[in-house]
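Participant: need a 3D model of the following:
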Amino acid sequence: MRPVLPLLLTTGLLAAGCAGGAVPAPAPETTERLTVAIQEDRGPVNLFAGVSEPLAELVYDKLVAPSPYVDEPQPWLATAVRAVDPSTWEVDLRADVTWHDGKPFGVQDVVFTFQYMKDAPTGRWTHHVSDVPTISSTVAVDADTVRFTCAYPCPELGEVTLADLPIIPAHIWSAVPPANAKKVTVLPVGTGPYRLVAYDAATGYRFEANPGYFGGAPRVRELVVPVIEDPSATFTALRSGQIDAAFRPLSPELVDQFSGTAGIQVISTGAFQFPEMRINYERAPFDRPEVRRAISRAIDKEQLLAVVGLGKGRAAVQGYPHPDSPHTAPGLSTPYDPVEARALLDGAGLRDTDGDGVREGPAGPMRYEIIANGAFPIDVRAAELVAEDLGEVGIAATVQGVDAGTLSNRNAKREFDLQIGTITAHGVADPDQFIMSHRSGYLWKAPTLPYPEFDALFERWSAAMTAEKRREISHEMQTLFNRQPTSVPIYYPNEYYAVRSDRYSGWVESPGFGVVHKWSLLPEQASRDANAVIAAR
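Facilitator: Okay, the predicted model is just below:
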């Protein structure tokens with residue numbers, strides 16, 4: 001019998017630290033309104049239509065909080081979470097929760113959510129019930145208890161799946177056929193601390209606090225979220241006081257500028273995300289593991305950190321996933337080693353036979369293109385440095401800046417050689433998503449593309465009866481991946497958020513979410529109870 005997850009937290013609340021400058025004057029602990037800019041319109045918080053995760057967290061709650069990115073997530077919509085056996089879990093629910101429209105929350109909503117997520121089009125959360133893991137049934141045991149049964153052992157369900165999947169109202173979504181889930185544009189109904197009361201694609205979002213929230217009334221009554229796509233415009237608005245904060249972190253070159261700005265506090269956080277170079281493993285010669293390993297060894301991560309990240313972070317010499325995730329294997333190593341890179345390419349028969357500095361392969365000279373979002377100079381600069389590194393080992397690469405739509409389209413159609421992008425916390429801190437990324441086409445396309453070593457590990461992983469054994473096998477998967485990666489982390493950045501220090505003082509760091517999230521807006525004790533924040537560093 002797995003013990004009930006403890007409801008109390010042992011770590012302390014973050015006392016948000018300044019990255020530089022004088023200690024700011026005390027700011028209000030509560031406020032009527034905050035204006036926080038977001039960098040793109042993601043629609044009216046429809047979970048099935050690519051919604052921004054921080055916005056979804058304002059509206060919806062999960063059975064366990066805050067996420068799979070912490071060591072000990074805590075019951076939230078649940079009061080207790082326990083394993084009956086390796087394939088069966090039971091969850092007791094809170095009795096004091098209502099939806100934003102006043103309807104009571106209950107077992108029918110949990111049962112409905114997990115079934116609907118299986119039937120709806122594939123999205124950000126649906127793999128947690130349909131593949132990794134596979135939940136075969138969700139049933140009500142009684143008025144307060146739900147039982148989950150998995151098709152194969154799911155010893156991590158209570159700390160991963162239940163900490164990631166938002167619960168939706170059965171009385172709303174039962175009227176929407178799953179095939180139409182992505183088309184819903186009405187304002188959402190959740191149990192969360194905020195209601196979305198207005199949305200416009202041009203002007204953004206307006207949220208109002210849920211005063212009856214079971215976690216305590218939010219400390220900010222109204223949250224206005226304008227969409228400001230341009231980074232320069234975002235931080236100009238922050239400096240002038242038009243906005244109070246931004247979901248977008250500061251770029252490295254702005255940290256020192258804002259640290260010395262009166263009325264602004266810069267908060268340093270860890271980041272469960274990083275820029276990466278994605279390798280199209282479906283194209284020769286990148287379909288060969290020794291070539292991908294050579295590319296990883298050819299990239300000077302220290303230089304990328306120094307030049308692109310301005311030294312604000314760590315070189316990505318521990319590979320993928322993020323080394324600070326509680327689920328990442330210790331001791332992963334992906335050093336810069338151009339000597340090994342050249343030896344690997346030589347051993348693969350890819351040599352410079354005509355002396356022009358570019359190796360030849362079966363299809364001719366090894367000349368490739370690196371694409372990056374042209375609107376992000378930092379990505380383009382990273383691509384240029386990577387191209388220089390590859391040139392040192394005999395691989396010619398040119399950089400092409402493209403618009404966001406073209407980048408997304410070429411990625412979806414696999415029409416690229418190499419690509420610079422950013423992977424967020426869900427991809428690099430959620431252990432189930434690491435495995436799902438190998439099955440969905442992001443890191444690999446198992447089982448449609450042969451990968452016998454990974455397939456054998458997956459069979460062992462899916463048969464594992466304990467969370468400890470499953471973590472051990474997951475660590476073996478990570479080691480295998482980093483020997484022949486399809487994604488190469490460039491560096492692990494620190495993140496810096498600038499906030500108006502005279503407007504509000506409640507900002508706290510939550511792993512994977514920075515400081516702009518619902519835990520910064522809730523009463524301090526609620527964040528403590530959820531194990532949602534980290535101690536000051």
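Participant: quick check: the residue lying closest to Thr161 once chain neighbours are set aside vs Ile167, distance?
Facilitator: Counting by C-beta to C-beta, 6 or more residues apart in numbering, Thr161 lies nearest to His128, which is 4.6 Å off, once chain neighbours are set aside. From N, CA and C alone the C-beta is placed, and that goes for glycine too. In this structure, His128 and Ile167 are 12 Å apart, going by C-beta to C-beta, to the nearest Å.
Participant: the most centrally placed residue in the chain and Trp444, how far apart?
Facilitator: The centre of the chain sits closest to Ala425, judged by C-alpha atoms, centre = their mean, with a distance of 2.3 Å. Ala425 sits at a distance of 20 Å from Trp444 (criterion: C-beta to C-beta).
Participant: got the contact list for the closest residue to Ile38 other than its chain neighbours?
Facilitator: Distances taken as C-beta to C-beta, 6+ apart place Phe247 nearest to Ile38, at 4.7 Å, with adjacent residues excluded. By C-beta atoms under 8 Å, 6 or more residues apart in numbering, the residues touching Phe247 are Val36, Ala37, Ile38, Gln39, Ser52, Pro54, Gly514, Val516.
Participant: can we see that at 10 Å?
Facilitator: 36-40, 52, 54-55, 225, 228, 234, 497, 513-517 (C-beta atoms under 10 Å, 6 or more residues apart in numbering).
Participant: rewinding a little: next up, the contacts around the residue nearest to Thr161.
Facilitator: Counted by C-beta under 10 Å, 6+ apart, His128 has contacts 68, 114, 117-118, 134-135, 157, 160-165, 430, 432-433, 436.
Participant: of those residues, which belong to helices?
Facilitator: Counting by DSSP state H, the contacts of His128 place Phe114, Met117, Lys118, Asp432, Gln433, Met436 in helices.
Participant: now, among the residues you listed, which is nearest to Asp96?
Facilitator: Each of the ones in helices among the contacts of His128 was scored against Asp96 by C-beta to C-beta, and Phe114 proved nearest at 22.0 Å.
Participant: can you report how many residues lie near the closest one?
Facilitator: Counted with other C-beta atoms under 10 Å, residues neighbouring Phe114 total 22.
Participant: how about Ser333?
Facilitator: Neighbours of Ser333 (other C-beta under 10 Å): 9.
Participant: by mean pLDDT, flag the weakest helix or strand of this structure.
Facilitator: Within the chain, no helix or strand scores below helix 127-130, which has a mean of 80 by mean pLDDT, DSSP states H and E.
Participant: what's the pLDDT at the nearest residue to Arg342 once chain neighbours are set aside?
Facilitator: In space, and not counting its chain neighbours, Arg342 is closest to Val393: 5.2 Å by C-beta to C-beta, 6+ apart. Model confidence at Val393, given as pLDDT, is 98.
Participant: need the contact list for Val393.
Facilitator: Residues in contact with Val393 (C-beta under 10 Å, 6+ apart) are 294-295, 297-299, 338-346, 350, 359, 366.
Participant: so where's the stretch 1-150 of the chain uncertain?
Facilitator: 1-26, 122 (pLDDT under 70).
Participant: I'd say Asp379 and Leu304 touch.
Facilitator: No. Using C-beta atoms under 10 Å, Asp379 is not in contact with Leu304; the gap is 11.4 Å.
Participant: list the residues that contact both of those two?
Facilitator: Contacts common to Asp379 and Leu304, judged by C-beta under 10 Å, 6+ apart, are Pro275, Ile490.
Participant: ok so, going back, give me the common contacts of His128 and Ile167.
Facilitator: Joint contacts of His128 and Ile167 (C-beta under 10 Å, 6+ apart) are Phe114.
Participant: for the stretch 351-500 of the chain, what are the low-confidence residue spans?
Facilitator: Short version for the stretch 351-500 of the chain, where the test is pLDDT under 70: none.
Participant: that one: strands as residue ranges?
Facilitator: Using DSSP state E, counting those that start in this stretch, the strands assigned to the stretch 351-500 of the chain run over residues 360-361, 364-365, 367-373, 396-402, 418-423, 487-489, 491-493, 495-500.
Participant: mind checking which of the ones you listed is nearest Val146?
Facilitator: strand 418-423 (32.3 Å).
Participant: residue contacts, the residue sitting furthest away from the middle of the chain?
Facilitator: What lies farthest from the middle of the chain is Asp354; by C-alpha atoms, centre = their mean that is 45.2 Å. With contact taken as C-beta under 10 Å, 6+ apart, Asp354 is in contact with Glu360, Pro365.
Participant: try 7 Å this time
Facilitator: By C-beta atoms under 7 Å, 6 or more residues apart in numbering, Asp354 lies in contact with nothing.
Participant: and it, how far is that from Asp324?
Facilitator: Counting by C-beta to C-beta - Asp354 and Asp324 are separated by 46 Å.
Participant: ok, now Gln115?
Facilitator: According to C-beta to C-beta, Gln115 and Asp324 sit 35 Å apart.
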